[in-house]
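Participant: have a look at this prediction, sequence included:
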Amino acid sequence: MAKILISDPLQAAGIDILRESGAEVTVLDEGDRGRLPEILGDQDALVVRSMTKVTRELLQHGTNLKVVGRAGIGVDNIDVAAATDQGILVVNAPTANLLSATEHTFALLLALARNVPLADASIKSGEWDRKRFVGTELQGKTLGVIGFGRIGQKVAERARAFSMEVIAHDPYLDSAVAGRLDVEMVELEDLLARSDVLTLHTPLTDTTRNILSAERIRGIKEGAILVNCARGGLVDEKALLEALESGRLAGAALDVFAEEPPTDLALARHPKVVATPHIGAQTREAQERIAVQTARMVLAALEGSLSVTAVNLPFSSTGSRGEPYLRLGEKLGRLATGLATGSVESIQVDLWGIDESFRVPVSVAALKGALEPFLGEGINYVNAERVAESRGVELVRATHSNPGDYPHLVAVTLRSSEGEVSLHGTLFGERDPRVVSIEGHRLEFLPEGKLLVLSNRDVPGVVGKIGTLLGLAGVNIGDIHLARGDSGPREMALAVLRLDQAPDEEILEALLELDEVEWVRVVEMD
């Protein structure tokens with residue numbers, strides 16, 4: 001009989017599911033939470049919300065712990081790396097709050113558009129001043145959706161009921177998916193310039209952090225309003241406040257902040273802002289769904305099922321011998337995404353000289369690596385294929401017998417609306433991933449760190465110019481790899497540089513201004 005410990009408040013529906021399974025369930029009161037380390041020792045599973053901090057130290061007390069269930073989507077309060085080190089699965093409930101987050105987006109949007117909070121406060125203070133609260137209709141307005149995943153698509157569907165025109169930006173979405181919803185996919189700058197209402201529905205990753213920077217906020221259509229029910233950190237809050245004070249933006253509705261709770265309340269208190277304390281998932285229905293989904297995930301994980309939304313699920317069927325291939329596939333997928341442009345349409349994974357049993361795990365690992373830069377912590381080995389399917393991205397797998405120059409070889413080919421990127425990789429010593437080819441250029445390097453990849457004309461002096469430019473900018477080169485192509489124009493070459501510091505936009509623009517440089521990409525591999 002499994003022992004399951006619940007350390008934070010959980011809806012009764014989830015607790016009932018756990019108990020009905022026959023598990024021995026212990027629910028801690030707030031006063032007992034300090035005893036968690038001593039109670040955890042013989043437990044098979046721990047269920048938490050956001051109050052319990054699942055640190056490496058706490059996990060070390062869970063000598064029998066197999067699963068940590070997070071009742072919600074975020075795992076910021078869980079040391080996932082420590083859990084992985086101890087072989088503990090971390091599962092969550094990533095879809096339970098979709099409807100609540102969608103509806104809260106419109107709750108804030110309507111409240112802002114019709115001055116509901118100010119009008120409510122006014123009448124409660126004894127005033128009756130209708131002229132102060134002239135609002136704006138949604139009908140006929142253009143809604144710009146940044147991030148067109150499951151929540152973004154639901155928001156678009158509901159916006160149609162308000163007779164709004166919807167445009168969207170998502171660099172990792174097949175346009176056919178948007179077409180089915182009659183939504184036009186546009187570049188971000190175009191979306192900012194055209195939208196009367198902007199709404200954010202993207203996770204917070206290194207790629208999306210400050211996606212609405214000060215420069216991009218200056219590019220927003222004058223008089224537009226902004227809604228953010230996604231994540232704090234997506235918007236430059238200082239620049240947003242300045243845009244509100246200058247009158248460039250008509251208002252903002254915010255459920256999330258870069259710092260929660262915010263210590264600087266200037267933005268939240270601004271008269272053009274409607275603010276709520278991160279309550280997008282705070283509905284009775286969502287809380288019950290979260291409890292039910294988490295309970296079912298924990299039970300499935302304890303039974304050894306792979307059909308769970310696990311943050312760190314390993315492929316046990318591959319054994320330790322397969323783990324290096326999973327790392328290689330993931331690295332190749334991440335690098336392919338970093339080199340590609342346009343919306344991704346398909347990813348093909350080819351294996352040479354590798355067990356047929358690795359075909360699915362390695363291809364899913366490559367898919368996970370390709371999706372992660374855009375979608376963040378919500379992507380894992382279990383849900384990568386489902387997310388790809390929902391976004392119209394096809395995954396193709398193939399195995400072959402003769403690897404040629406290497407005993408084992410993995411190829412990842414990413415096809416997008418603007419072309420194709422093809423990479424090959426192998427393992428050195430059956431452990432260490434190496435990239436051995438990019439677009440027909442044969443070279444060997446570790447897919448780690450900050451990589452600067454350039455296509456350039458193969459003429460004397462190019463490397464010197466690149467090195468000088470980076471040196472003057474204070475960017476140190478760790479190592480450099482050069483290669484000519486096996487096919488195509490002989491004058492074209494490829495350079496891969498590992499840098500100690502990430503180059504900024506000014507450096508990249510300077511590199512592109514060199515006559516010899518055709519294109520430049522920066523890829524963060526770690």
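Facilitator: Ah, there it is.

Participant: neighbours of residue 264, how many?
Facilitator: When neighbours are defined as other Cβ atoms under 10 Å, residue 264 has 13 of them. Quick note: C-beta positions are derived from backbone N, CA and C, even for glycine.

Participant: could you do residue 510 as well?
Facilitator: Using other Cβ under 10 Å, residue 510 has 17 neighbouring residues.

Participant: what residues are up against it?
Facilitator: Residues in contact with residue 510 (Cβ atoms under 8 Å, 6 or more residues apart in numbering) are 469, 473.

Participant: let me know the pLDDT of it.
Facilitator: We have a pLDDT of 92 for residue 510.

Participant: hang on, it is in a helix, isn't it?
Facilitator: Yes. Counting by DSSP: H, G, I helix; E, B strand; the rest coil, one finds residue 510 located in a helix.

Participant: how is this structure carved up into domains?
Facilitator: The chain is divided into the following domains under automatic domain parsing: 3-96+285-302, 98-275, 315-427, 439-526.

Participant: shouldn't residue 308 be within a strand?
Facilitator: No. Going by three-state DSSP, the assignment for residue 308 is coil, not a strand.

Participant: how far away is it from residue 94?
Facilitator: 11 Å (Cβ to Cβ, to the nearest Å).

Participant: let me see the ranges of the strands in the stretch 101-250 of the chain.
Facilitator: 142-146, 165-169, 184-185, 197-200, 224-228, 249-254 (DSSP state E, counting those that start in this stretch).

Participant: could you look up the SS state of residue 507?
Facilitator: Three-state assignment for residue 507 (three-state DSSP): helix.

Participant: contacting residues around it?
Facilitator: 469-470, 473, 475.

Participant: just put those in JSON lines and tack on neighbour count, distance to residue 60 and pLDDT.
Facilitator: Formatted as JSON lines, the contacts of residue 507 follow (neighbours: other Cβ atoms under 10 Å; distance: Cβ to Cβ, whole Å; pLDDT from 0 to 100):
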{"residue": "469", "neighbour count": "16", "distance to residue 60": "48", "pLDDT": "92"}
{"residue": "470", "neighbour count": "20", "distance to residue 60": "43", "pLDDT": "92"}
{"residue": "473", "neighbour count": "14", "distance to residue 60": "44", "pLDDT": "90"}
{"residue": "475", "neighbour count": "19", "distance to residue 60": "40", "pLDDT": "91"}
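
Participant: between the residues you listed, which is nearest residue 304?
Facilitator: Of all these, residue 475 has the smallest distance to residue 304: 47.7 Å, by Cβ to Cβ.

Participant: burial of the closest residue in space to the closest one that isn't next to it in sequence, as a residue count?
Facilitator: Distances taken as Cβ to Cβ, 6 or more residues apart in numbering place residue 501 nearest to residue 475, at 4.9 Å, with adjacent residues excluded. Using other Cβ under 10 Å, residue 501 has 12 neighbouring residues.

Participant: now stretch 136-156: mean pLDDT?
Facilitator: Average pLDDT, stretch 136-156: 95.

Participant: measure it end to end?
Facilitator: 19 Å (Cα to Cα, to the nearest Å).

Participant: same question for stretch 183-197.
Facilitator: With Cα to Cα as the measure, stretch 183-197 spans 15 Å from end to end.

Participant: show me what it is in contact with.
Facilitator: Here stretch 183-197 has contacts from 109, 138, 141-146, 148, 156, 164, 166-170, 173, 175, 178, 198, 211, 216, 219-221, 223-227, 343, using Cβ under 8 Å, 6+ apart.

Participant: got the buried residues for it?
Facilitator: By neighbour count on 16 or more other Cβ atoms under 10 Å, the buried set for stretch 183-197 is 183, 185-186, 188, 191-192, 194-197.

Participant: farthest-apart pair in these, please.
Facilitator: 185 and 196 (18.1 Å).

Participant: quick revisit: right, and the residue nearest to residue 475 touches residue 474 too?
Facilitator: Yes. Using Cβ atoms under 8 Å, residue 501 is in contact with residue 474, at 7.0 Å.

Participant: what comes up buried for the helix ranked longest in the chain?
Facilitator: The single longest helix within the chain, with elements called by DSSP state H, is helix 319-339. By 16+ other Cβ under 10 Å, the buried positions in helix 319-339 come out as 322, 324-339.

Participant: now for it, which elements pack on it?
Facilitator: Identification of packing neighbours for helix 319-339 by 3 or more Cβ pairs under 8 Å, 6 or more residues apart in numbering; DSSP states H and E yields strand 344-352, helix 359-375, strand 409-416, strand 419-428, strand 432-438, strand 450-457, strand 517-524.

Participant: ok, back up a step: which of the buried residues of stretch 183-197 lies closest to residue 104?
Facilitator: The closest of the buried residues of stretch 183-197 to residue 104 turns out to be residue 197 (Cβ to Cβ; 14.9 Å).

Participant: what about the stretch 351-500 of the chain, any weak spots by pLDDT?
Facilitator: 377-378, 380, 382, 403, 485-490 (pLDDT under 70).

Participant: let's see 80
Facilitator: For the stretch 351-500 of the chain, the stretches flagged by pLDDT under 80 are 356-357, 374-384, 386, 401-404, 430, 485-491.

Participant: try the stretch 101-250 of the chain
Facilitator: Those would be 172, 174-177, if you go by pLDDT under 80 across the stretch 101-250 of the chain.

Participant: quick one: the helices in it?
Facilitator: Secondary structure of the stretch 101-250 of the chain by DSSP state H, counting those that start in this stretch: the helices cover 116-124, 150-161, 175-180, 188-194, 214-218, 237-246.

Participant: just send these back as TSV, with distance to residue 3 too.
Facilitator: What follows is these, written out as TSV (distance: least, Cβ to Cβ, whole Å):
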stretch	distance to residue 3
helix 116-124	47
helix 150-161	34
helix 175-180	43
helix 188-194	49
helix 214-218	51
helix 237-246	44
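
Participant: which one of those is the most hemmed in?
Facilitator: Of the helices of the stretch 101-250 of the chain, the one with the most neighbours on average (mean count of other Cβ atoms under 10 Å) is helix 150-161, at a mean of 20.

Participant: next, the angle strand 224-228 makes with it.
Facilitator: Counting by axes from the mean of the first three to the mean of the last three Cα atoms, to 10 degrees, helix 150-161 lies at 140 degrees to strand 224-228.

Participant: roughly how far is helix 150-161 from the heart of the chain?
Facilitator: Helix 150-161 sits 20 Å away from the centroid of its parent chain (Cα atoms, centre = their mean, to the nearest Å).
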